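Engineer: Below is the sequence, then the predicted model.
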Amino acid sequence: MQQTKFRYYDAVAYKRANPPKSAVHTEFLRTGRIDRNLDWLPSEKRYLTYQEVAERTGRKLERAGTVTHDRINGFHRSIQFPKLIFHRTLAHTPHLGYCHITVANSRFAEFESVQWAFYMANFFADIGDEEQFFAGISQKPGRMYFAVAIVPGEEEGRLQIDRKVRGNGVIFRTDDPALAMKNVLMLGARDEALRKIIRAI
């Protein structure tokens, strides 16, 4: 199957440079300055490199990850998760990526202690396969929240998925932010009274 090669352009700059024909203001009247650093004609689309797209995607993902972390830690003072925000974009589609939000240890099913990491992605896909972790990425815009069990990898400082947990290491996956928050809180709750409150929300 042939990989589609994406081309990205700066839609905001293009729109500003090509106002509707009825508009009478110019960029100078609107901003009070003339930008002399343009390396392309304002009336043309300026195509972005994959690196530029990846950087923009990363900034958006990390902002969303920070908001998500703040909401989780704002629920109850006894449930606090470390803030470990970093992102990755997909190599051939840098407008798509995922953000690592936190990591923690929990008792899970028959396991006394499972280390897990919580992520959000700006796409929805099947996850957990050993050959290709993200498969069947949806063409529709959306978000996905997921947690995976992790163990230290062979390479120092690297983590890998603990596939002893549920066969593929995936603890949960959802496109519902409220359900994702509930799942993370349940993993972080230390006593049954708190779990009962979380189940009720």
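Structural biologist: Happy to help now that I have it.
Engineer: in the protein, which spans are strands?
Structural biologist: 8-9, 47-48, 86-90, 93-108, 111-121, 126-127, 134-135, 144-152, 159-161, 170-174 (DSSP state E).
Engineer: What is the end-to-end distance of stretch 84-97?
Structural biologist: This stretch, stretch 84-97, spans 16 Å end to end (Cα to Cα, to the nearest Å).
Engineer: where's Asn122 relative to Glu55, distance?
Structural biologist: Asn122 sits 14 Å away from Glu55, going by Cβ to Cβ, to the nearest Å. (Glycine included, C-beta is placed from N, CA and C.)
Engineer: who's more crowded, the two?
Structural biologist: Asn122 (19 against 14; other Cβ atoms under 10 Å).
Engineer: Gln80 contacts Asp70, correct?
Structural biologist: No. Gln80 is beyond contact range of Asp70, at 11.4 Å (criterion: Cβ atoms under 8 Å).
Engineer: Neighbour count for the two, which is higher?
Structural biologist: Between Gln80 and Asp70, Gln80 has the larger neighbour count (other Cβ under 10 Å), namely 14 against 10.
Engineer: Now for the closest residue to the more buried one other than its chain neighbours: which residues touch it?
Structural biologist: The shortest distance from Gln80 to any non-neighbouring residue, by Cβ to Cβ, 6 or more residues apart in numbering, is to Asn73 (5.4 Å). For Asn73, the contacting residues are Ile79, Gln80, Phe81, Lys83, by Cβ atoms under 8 Å, 6 or more residues apart in numbering.
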